[in-house]
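J.: Sharing a model prediction with you, sequence too.
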Amino acid sequence: DALQSPGPFTLFAPTDAAFAQIGDFIDVNNATQVTDVLLYHVLSGIVLAEDIDDDSTATTLSGETLSFDKFRRHFHKHIITINDDSQVIFEDNLVTNGVIHVIDEVLIPPAYQPDIVDFLTSESKAEFFNILVDLVVQVNLIDALQSPG
């Protein structure tokens, strides 16, 4: 419903490569999960890169909060990261109903964040952690690594 309004909006748009890395944390066949994830990428109003301060936050259309860090790279260049992970790679793409910032990772809402075991055993990551997972199972640490932090 929120996106039916005329806007303007700020969209943090993950690339196709970012979506390819989403793994099995989100069920792309579950409309509720997909909607939650997509709305987590949208802010009401126009927020340009120059409007984002270091160590700032913004509330998304999903009602969740994004956190931003802004680092100086060169004299007039900066790097913006979102939630300590995703980086803005193309900023300030103005469109008729807002602005799009292209990002290099899909932002995952807190409700869908995996625990350690889920992350290590996900389809997209499993090939990298076979030995670690075997050791975790061997010493019976699965329950401990699935408990809240």
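T.: Sure thing, it's come through.
J.: gap between the two ends of stretch 94-114?
T.: 34 Å (CA to CA, to the nearest Å).
J.: er, stretch 11-31 actually
T.: 19 Å.
J.: Flag every buried residue along it.
T.: Leu11, Phe12, Pro14, Ala18, Ile22, Gly23, Phe25, Ile26 (16 or more other CB atoms under 10 Å). Heads up, the C-betas are built off the backbone N, CA and C, glycines and all.
J.: now for these, which pair is the farthest apart?
T.: Largest separation among these by CB to CB: Leu11 and Gly23, giving 22.3 Å.
J.: if we can go back for a sec, from the buried residues of stretch 11-31, which has minimum pLDDT?
T.: Within these, Gly23 has the lowest pLDDT, namely 70.
J.: Tell me the secondary structure at the residue nearest the centre of the chain.
T.: With distances taken as CA atoms, centre = their mean, Leu107 lies nearest the centre of the chain, 1.2 Å away. Here Leu107 is coil, with the state taken from DSSP: H, G, I helix; E, B strand; the rest coil.
J.: which SS class is Asp36?
T.: Asp36 ends up helix, using three-state DSSP.
J.: State the distance from it to Thr121.
T.: The gap separating Asp36 from Thr121 is 23 Å, by CB to CB, to the nearest Å.
J.: same check, this time on Leu66
T.: 27 Å.
J.: pLDDT below threshold where in the protein?
T.: 1-4, 74-76, 123-126, 149 (pLDDT under 70).
J.: Paired strands for the strand ranked longest in the chain, with orientation please.
T.: Across the chain, the longest stretch assigned as strand under DSSP state E is strand 86-95. When pairs are called by DSSP bridges, strand 86-95 turns out to pair with strand 78-82 (antiparallel), strand 98-103 (antiparallel).
J.: just the ones you listed: most buried one?
T.: Of the strands paired with strand 86-95, the one with the most neighbours on average (mean count of other CB atoms under 10 Å) is strand 98-103, at a mean of 20.
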